[in-house]
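In: here is my input; please provide its structure:
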Amino acid sequence: MTARICTGYDEAVAGTADGSTVLVGGFGMAGMPVELVDALVRQGAADLTIVSNNAGNGDTGLAALLATGRVRKIVCSFPRQTDSWVFDDLYRSGRIELEVVPQGNLAERLRAAGAGIGAFYSPTAVGTPLAEGKEVREIDGRTYLLEYPIHGDLALVKAHVADRMGNLVYRRTARNFGPVMATAASTVAVQVDRVVDAGALDPEAVITPGVYVDRIVPAAQEAAA
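Out: Residues are numbered from 1 along each chain as shown. Reported below is the predicted structural model:
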(Lines give C-alpha, C1' and ligand atoms only; values in the text may rest on other atoms or scores of the structure.)
Protein backbone atom coordinates (compact mmCIF):
# COMPACT_ATOMS: atom_id res chain seq x y z
CA MET A 1 0.00 0.00 0.00
CA THR A 2 1.39 3.40 -1.01
CA ALA A 3 0.85 6.62 0.91
CA ARG A 4 -1.34 9.24 -0.73
CA ILE A 5 0.62 12.16 -2.14
CA CYS A 6 -1.56 15.16 -1.34
CA THR A 7 -1.79 18.27 -3.51
CA GLY A 8 -1.71 20.53 -0.45
CA TYR A 9 -1.72 20.70 3.33
CA ASP A 10 -5.48 21.17 3.55
CA GLU A 11 -6.06 17.84 1.82
CA ALA A 12 -3.76 16.14 4.33
CA VAL A 13 -5.89 17.13 7.34
CA ALA A 14 -9.30 16.90 5.67
CA GLY A 15 -11.88 14.96 7.62
CA THR A 16 -10.45 15.62 11.07
CA ALA A 17 -13.42 15.27 13.41
CA ASP A 18 -14.39 17.36 16.40
CA GLY A 19 -13.10 15.76 19.60
CA SER A 20 -10.05 14.22 17.90
CA THR A 21 -6.76 13.58 19.66
CA VAL A 22 -4.01 15.06 17.49
CA LEU A 23 -0.34 14.18 17.98
CA VAL A 24 1.93 17.03 16.88
CA GLY A 25 5.63 16.31 16.37
CA GLY A 26 8.47 18.68 17.11
CA PHE A 27 10.75 19.82 19.90
CA GLY A 28 10.03 23.52 20.08
CA MET A 29 10.24 24.52 16.42
CA ALA A 30 12.67 21.72 15.49
CA GLY A 31 10.64 19.25 13.48
CA MET A 32 7.39 21.15 14.04
CA PRO A 33 4.97 20.47 11.13
CA VAL A 34 3.91 24.13 11.03
CA GLU A 35 2.19 24.01 7.64
CA LEU A 36 0.08 21.01 8.66
CA VAL A 37 -0.89 22.73 11.93
CA ASP A 38 -1.85 25.84 9.95
CA ALA A 39 -4.02 23.63 7.75
CA LEU A 40 -5.72 22.22 10.85
CA VAL A 41 -6.48 25.80 11.91
CA ARG A 42 -8.20 26.34 8.56
CA GLN A 43 -9.93 22.96 8.68
CA GLY A 44 -11.93 23.98 11.73
CA ALA A 45 -12.13 20.87 13.93
CA ALA A 46 -12.91 21.76 17.56
CA ASP A 47 -12.83 20.22 21.04
CA LEU A 48 -9.38 18.84 20.24
CA THR A 49 -6.85 17.18 22.51
CA ILE A 50 -3.32 18.08 21.42
CA VAL A 51 -0.34 15.92 22.37
CA SER A 52 3.03 17.58 21.84
CA ASN A 53 6.34 18.21 23.55
CA ASN A 54 5.38 21.78 24.44
CA ALA A 55 2.42 24.14 24.33
CA GLY A 56 3.38 26.32 21.40
CA ASN A 57 5.87 29.06 20.59
CA GLY A 58 5.00 32.69 19.96
CA ASP A 59 1.87 33.23 17.86
CA THR A 60 2.46 30.73 15.06
CA GLY A 61 1.99 27.01 14.50
CA LEU A 62 0.66 25.22 17.56
CA ALA A 63 0.21 28.51 19.41
CA ALA A 64 -2.00 29.78 16.57
CA LEU A 65 -4.15 26.65 16.88
CA LEU A 66 -4.51 27.18 20.63
CA ALA A 67 -5.49 30.80 20.02
CA THR A 68 -8.56 29.68 18.05
CA GLY A 69 -10.08 28.32 21.26
CA ARG A 70 -10.72 24.96 19.62
CA VAL A 71 -8.32 22.98 21.80
CA ARG A 72 -9.94 21.53 24.90
CA LYS A 73 -6.85 19.90 26.39
CA ILE A 74 -3.12 19.76 25.83
CA VAL A 75 -0.87 16.91 26.93
CA CYS A 76 2.78 17.96 26.98
CA SER A 77 6.07 18.02 28.88
CA PHE A 78 6.93 21.74 28.74
CA PRO A 79 3.81 23.91 28.88
CA ARG A 80 5.64 27.11 29.78
CA GLN A 81 8.60 28.90 28.28
CA THR A 82 9.42 32.51 27.50
CA ASP A 83 7.23 32.61 24.38
CA SER A 84 4.28 30.46 25.49
CA TRP A 85 2.01 33.44 26.22
CA VAL A 86 -0.94 32.04 24.25
CA PHE A 87 -1.11 28.88 26.34
CA ASP A 88 -0.36 30.81 29.54
CA ASP A 89 -3.33 33.12 29.02
CA LEU A 90 -5.68 30.25 28.17
CA TYR A 91 -4.61 28.19 31.16
CA ARG A 92 -4.75 31.01 33.69
CA SER A 93 -8.25 31.91 32.52
CA GLY A 94 -9.45 28.30 32.75
CA ARG A 95 -10.07 27.91 29.02
CA ILE A 96 -7.81 24.90 28.46
CA GLU A 97 -7.00 21.72 30.36
CA LEU A 98 -3.42 20.60 30.91
CA GLU A 99 -1.87 17.20 31.53
CA VAL A 100 1.85 17.42 32.22
CA VAL A 101 3.75 14.28 31.24
CA PRO A 102 7.52 13.97 31.82
CA GLN A 103 9.27 13.82 28.47
CA GLY A 104 10.51 10.24 28.78
CA ASN A 105 7.06 9.05 29.80
CA LEU A 106 5.50 10.98 26.92
CA ALA A 107 7.73 9.22 24.41
CA GLU A 108 7.17 5.83 26.04
CA ARG A 109 3.38 6.26 26.26
CA LEU A 110 3.32 7.01 22.53
CA ARG A 111 5.63 4.08 21.80
CA ALA A 112 3.41 1.81 23.89
CA ALA A 113 0.40 2.81 21.81
CA GLY A 114 2.22 1.90 18.63
CA ALA A 115 3.51 -1.36 20.06
CA GLY A 116 0.14 -2.53 21.38
CA ILE A 117 1.26 -2.43 25.01
CA GLY A 118 -1.67 -2.01 27.41
CA ALA A 119 0.26 -0.16 30.13
CA PHE A 120 3.68 -0.03 31.75
CA TYR A 121 5.31 0.88 35.05
CA SER A 122 7.68 3.83 35.30
CA PRO A 123 9.55 5.31 38.30
CA THR A 124 9.34 8.82 36.84
CA ALA A 125 7.21 11.27 38.87
CA VAL A 126 7.03 9.06 41.97
CA GLY A 127 6.57 11.30 45.00
CA THR A 128 5.45 14.32 42.96
CA PRO A 129 2.01 15.82 42.27
CA LEU A 130 2.07 14.03 38.91
CA ALA A 131 1.67 10.74 40.79
CA GLU A 132 -1.75 11.65 42.17
CA GLY A 133 -4.45 9.18 41.20
CA LYS A 134 -2.07 6.70 39.59
CA GLU A 135 -1.65 3.07 40.55
CA VAL A 136 1.54 2.51 42.57
CA ARG A 137 3.52 -0.70 42.66
CA GLU A 138 6.80 -1.72 44.27
CA ILE A 139 9.05 -3.92 42.13
CA ASP A 140 12.37 -5.20 43.50
CA GLY A 141 12.33 -2.53 46.19
CA ARG A 142 11.66 0.39 43.84
CA THR A 143 8.38 2.32 43.50
CA TYR A 144 6.71 2.65 40.12
CA LEU A 145 3.63 4.32 38.65
CA LEU A 146 1.31 2.73 36.12
CA GLU A 147 1.23 4.68 32.85
CA TYR A 148 -1.16 4.17 29.94
CA PRO A 149 -0.56 4.53 26.18
CA ILE A 150 -1.47 7.68 24.30
CA HIS A 151 -3.36 6.91 21.10
CA GLY A 152 -4.03 9.54 18.46
CA ASP A 153 -6.72 9.91 15.84
CA LEU A 154 -4.33 12.00 13.74
CA ALA A 155 -0.57 12.52 13.84
CA LEU A 156 1.05 15.54 12.20
CA VAL A 157 4.71 14.85 11.48
CA LYS A 158 7.54 16.61 9.69
CA ALA A 159 10.21 14.56 7.92
CA HIS A 160 13.00 15.40 5.49
CA VAL A 161 12.38 13.03 2.56
CA ALA A 162 9.72 10.46 1.73
CA ASP A 163 9.49 7.96 -1.07
CA ARG A 164 6.22 7.15 -2.81
CA MET A 165 5.68 4.16 -0.51
CA GLY A 166 5.67 6.52 2.49
CA ASN A 167 9.06 5.53 3.93
CA LEU A 168 10.49 8.48 5.85
CA VAL A 169 13.96 9.89 6.47
CA TYR A 170 14.33 12.64 9.09
CA ARG A 171 16.86 15.42 9.36
CA ARG A 172 19.00 15.32 12.51
CA THR A 173 17.21 16.50 15.68
CA ALA A 174 14.02 17.18 13.70
CA ARG A 175 13.46 13.44 14.12
CA ASN A 176 12.48 13.81 17.82
CA PHE A 177 8.85 12.66 18.40
CA GLY A 178 7.94 11.98 14.77
CA PRO A 179 8.78 8.26 14.66
CA VAL A 180 6.82 7.28 17.78
CA MET A 181 3.87 9.50 16.89
CA ALA A 182 3.67 7.93 13.45
CA THR A 183 3.08 4.53 15.05
CA ALA A 184 0.50 5.75 17.55
CA ALA A 185 -2.21 7.36 15.39
CA SER A 186 -4.99 6.03 13.19
CA THR A 187 -4.14 8.54 10.44
CA VAL A 188 -0.64 9.93 9.86
CA ALA A 189 -0.07 13.06 7.77
CA VAL A 190 3.52 14.02 6.98
CA GLN A 191 5.02 17.14 5.46
CA VAL A 192 8.36 16.59 3.75
CA ASP A 193 10.88 18.63 1.82
CA ARG A 194 10.60 16.32 -1.18
CA VAL A 195 9.32 13.00 -2.44
CA VAL A 196 11.51 10.54 -4.32
CA ASP A 197 10.75 7.38 -6.25
CA ALA A 198 10.42 4.07 -4.46
CA GLY A 199 13.83 2.47 -4.08
CA ALA A 200 15.71 5.79 -4.03
CA LEU A 201 16.16 5.83 -0.25
CA ASP A 202 18.88 3.87 1.51
CA PRO A 203 16.91 1.31 3.57
CA GLU A 204 19.38 1.79 6.42
CA ALA A 205 18.38 5.47 6.62
CA VAL A 206 14.62 4.86 6.79
CA ILE A 207 13.31 5.53 10.28
CA THR A 208 9.53 5.36 9.76
CA PRO A 209 8.38 2.55 7.42
CA GLY A 210 5.72 3.51 4.93
CA VAL A 211 3.18 1.13 6.46
CA TYR A 212 2.58 3.79 9.14
CA VAL A 213 2.13 6.73 6.76
CA ASP A 214 -1.19 7.65 5.14
CA ARG A 215 -0.77 11.12 3.63
CA ILE A 216 2.30 13.02 2.41
CA VAL A 217 2.62 16.67 1.40
CA PRO A 218 5.88 17.57 -0.35
CA ALA A 219 7.06 21.17 -0.02
CA ALA A 220 8.33 20.88 -3.60
CA GLN A 221 5.04 19.99 -5.26
CA GLU A 222 6.74 19.26 -8.57
CA ALA A 223 8.47 16.29 -6.92
CA ALA A 224 5.11 14.53 -6.71
CA ALA A 225 4.16 15.18 -10.34
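In: the chain: strands as residue ranges?
Out: 4-5, 21-24, 48-51, 71-76, 97-100, 120-122, 136-139, 142-147, 152-158, 161-163, 168-169, 185-192, 194-196, 215-218 (DSSP state E).
In: give the buried residues for stretch 67-74.
Out: By neighbour count on 16 or more other CB atoms under 10 Å, the buried set for stretch 67-74 is Ala67, Arg70, Val71, Ile74. (Glycine included, C-beta is placed from N, CA and C.)
In: show the contacting residues for Thr16.
Out: Listed by CB atoms under 8 Å, 6 or more residues apart in numbering, the contact partners of Thr16 are Val22, Leu40, Gln43, Ala45, Asp153, Leu154.
In: quick check, nearest of these to Leu106?
Out: Val22 (14.6 Å; CB to CB).
In: skipping adjacent residues, who's closest to that closest one in space?
Out: Using CB to CB, 6 or more residues apart in numbering and skipping residues adjacent in sequence, the residue nearest Val22 is Leu154, 4.9 Å away.
In: okay but the one you found is in contact with Val13, surely?
Out: Yes - using CB atoms under 8 Å, Leu154 is in contact with Val13, at 7.2 Å.
In: hey, where'd the helices end up in the protein?
Out: Counting by DSSP state H, the segments of the chain that form helices are 9-13, 34-43, 62-67, 85-92, 103-115, 178-184.
In: so which of those is the most surrounded?
Out: Highest mean neighbour count of those: helix 178-184, a mean of 25 (counted as mean count of other CB atoms under 10 Å).
In: and that helix, how far out from the chain middle?
Out: Relative to its parent chain, helix 178-184 has a centroid offset of 7 Å by CA atoms, centre = their mean, to the nearest Å.
In: done for today, thanks.
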